[in-house]
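> Only the shape, not the letters, is given here:
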């Protein structure tokens, strides 16, 4: 990382923003009526401001930032977010190693990296001497999961027309509908297809009933956290690669997946797994293990994080306004269409002013809003 004479921290803060979904999302037994986000801000004394946000999954992430993490950053910030992360983690590893506090710690780290990059007038990747790599852009389609196969066909076509190089579908309302939707996407023959089973299966046999015999780019997150043995069994049965790691909010991830041979592809999310600084510490390890990574949404920073690291990245994920996948990113994208200038520093996105509660976009997914080519 380029050395920057960074200012001291003037403010670290967080708040909860809730977006009600006009069309509730049901992933197996999991019903989502609203998306709750923690939005973090790091402000330097020179006026540079960094932001990050992530799903809080209903736990008190903002409270952890404001009560535990913010005072530590103000006390020990060195101008280098990586060194600061390490010092703070070693001082308070017990509360910060998992759960709500790790989510908050991750988001403050991402915001701190942006603030420092903006202070230097650069993108975060450029601050590390990197330019953005050309990584396959994948469209997350098929929301809400109640939509049938005929809707999947038009959305695959729309996503590919926007420049998507692959599509990923979530679990449907039933195992039968899930398989029908996947087959509909495959039969377009327009791009590779993967599926996110969203922790909905209990056994390897449950998974095989859905995806058995299908030629998929990968099968993702079939089981709840803590299911390493089930993953290993499933991996021995699948003809397609197996991926897992979304929402593993603890610092045994990703080594637990790598060392047990449970998966073929790692799913990584910087908003809940330690931020950029933690991955920089794991960079040599991940590069040595040669296990490819698929990044969990949040394209604004994951496109740059993937470019900084020495891992093979197989996908950066995008969602269209109206999809309710990453409802806050979709809202930011829809509002940015009206802007005359696009940000060129930090994470290259502008966080608009917004109330604590607001409504998500009520429309079918609008893939024309994205330019993925």
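Looks like it came in fine. The structure displayed is predicted, hence computed values, not measured ones. Numbers count the residues shown, from 1 in each chain.

> ok, residue 194 to residue 53 distance?
Counting by Cβ to Cβ, to the nearest Å, the gap from residue 194 to residue 53 is 25 Å. The way it works is simple: take the backbone N, C-alpha and C, and place the C-beta from them, glycine included.

> From residue 103, how far off is residue 84?
According to Cβ to Cβ, residue 84 and residue 103 sit 18 Å apart.

> The protein: helices as residue ranges?
Secondary structure of the chain, counting by DSSP state H: helices at 61-64, 70-76, 81-91, 93-96, 99-119, 124-127, 149-161, 175-188, 204-211, 228-237, 255-260, 275-289, 299-308, 327-336.

> Single out the most deeply packed of these.
helix 99-119 (a mean of 27; mean count of other Cβ atoms under 10 Å).

> show me what contacts residue 31?
Contacts for residue 31 (Cβ atoms under 8 Å, 6 or more residues apart in numbering) come out as 24, 25.

> Could you check how far it is from residue 177?
Going from residue 31 to residue 177 by Cβ to Cβ gives 16 Å.

> before we move on, what about residue 244?
For residue 244, the distance to residue 177 - Cβ to Cβ - is 22 Å.

> go on, residue 183?
Computed as Cβ to Cβ, the residue 183 to residue 177 distance reads 11 Å.

> do the same with residue 106
Look at residue 106 and residue 177: by Cβ to Cβ, they are 34 Å apart.

> again, but for residue 318
Applying Cβ to Cβ to residue 318 and residue 177 gives a distance of 24 Å.

> ditto for residue 298
28 Å.

> Identify the residues contacting the nearest residue to residue 150 once chain neighbours are set aside.
Among residues not flanking residue 150 along the chain, residue 184 sits closest, at 7.4 Å (Cβ to Cβ, 6 or more residues apart in numbering). Contacts for residue 184 (Cβ under 8 Å, 6+ apart) come out as 149, 150, 152, 153, 156.

> And for residue 356?
Contacts of residue 356 (Cβ under 8 Å, 6+ apart): 15, 16, 17, 18.

> among the residues you listed, who's most crowded?
When those are compared by neighbour count (other Cβ atoms under 10 Å), residue 17 ends up highest, at 21 neighbours.

> That residue contacts residue 53, doesn't it?
Yes - between residue 17 and residue 53 there is a contact at 7.5 Å, judged by Cβ atoms under 8 Å.

> Mutual contacts of the two, please.
37, 38, 39, 328.

> Identify all residues paired with residue 193 through a beta bridge.
Taking DSSP bridges as the rule, residue 193 bridges to residue 167.

> What's the separation between it and residue 27?
Distance of residue 193 to residue 27, given as Cβ to Cβ: 18 Å.

> Compare the two (neighbour count), which wins?
Each of residue 193 and residue 27 has its neighbours counted (other Cβ under 10 Å); residue 193 has more, 28 against 19.

> re the thing from before, need the max-distance pair from the contacts of residue 356.
Across the contacts of residue 356, the longest distance by Cβ to Cβ is 10.4 Å; it joins 15 and 18.

> which one is residue 357 nearest to, not counting chain neighbours?
Per Cβ to Cβ, 6+ apart, closest to residue 357 is residue 18, 4.9 Å.

> mind listing what that neighbour touches?
34, 35, 36, 37, 356, 357, 358.

> starting at the chain centroid, how far to the worst-scoring helix or strand of the chain on mean pLDDT?
The helix or strand of the chain with the poorest confidence is helix 327-336; it has a mean of 88 (mean pLDDT, DSSP states H and E). Distance of helix 327-336 from the chain centroid (Cα atoms, centre = their mean, to the nearest Å) equals 15 Å.

> Residue 211 reaches residue 239, doesn't it?
No - contact criterion Cβ under 8 Å: residue 211 and residue 239 do not qualify, at 9.0 Å.

> TSV for the contacts of residue 356, including distance to residue 232?
Shown next, in TSV, are these (distance: Cβ to Cβ, whole Å):
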residue	distance to residue 232
15	41
16	37
17	38
18	38
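
> Could you dump the residues you listed into JSON lines with pLDDT added?
Output for the contacts of residue 356, formatted as JSON lines (pLDDT from 0 to 100):
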{"residue": "15", "pLDDT": "98"}
{"residue": "16", "pLDDT": "98"}
{"residue": "17", "pLDDT": "97"}
{"residue": "18", "pLDDT": "97"}
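
> In strands only, show me these.
Here DSSP state E is the test, and the contacts of residue 356 give 15, 16, 17, 18 as lying in strands.
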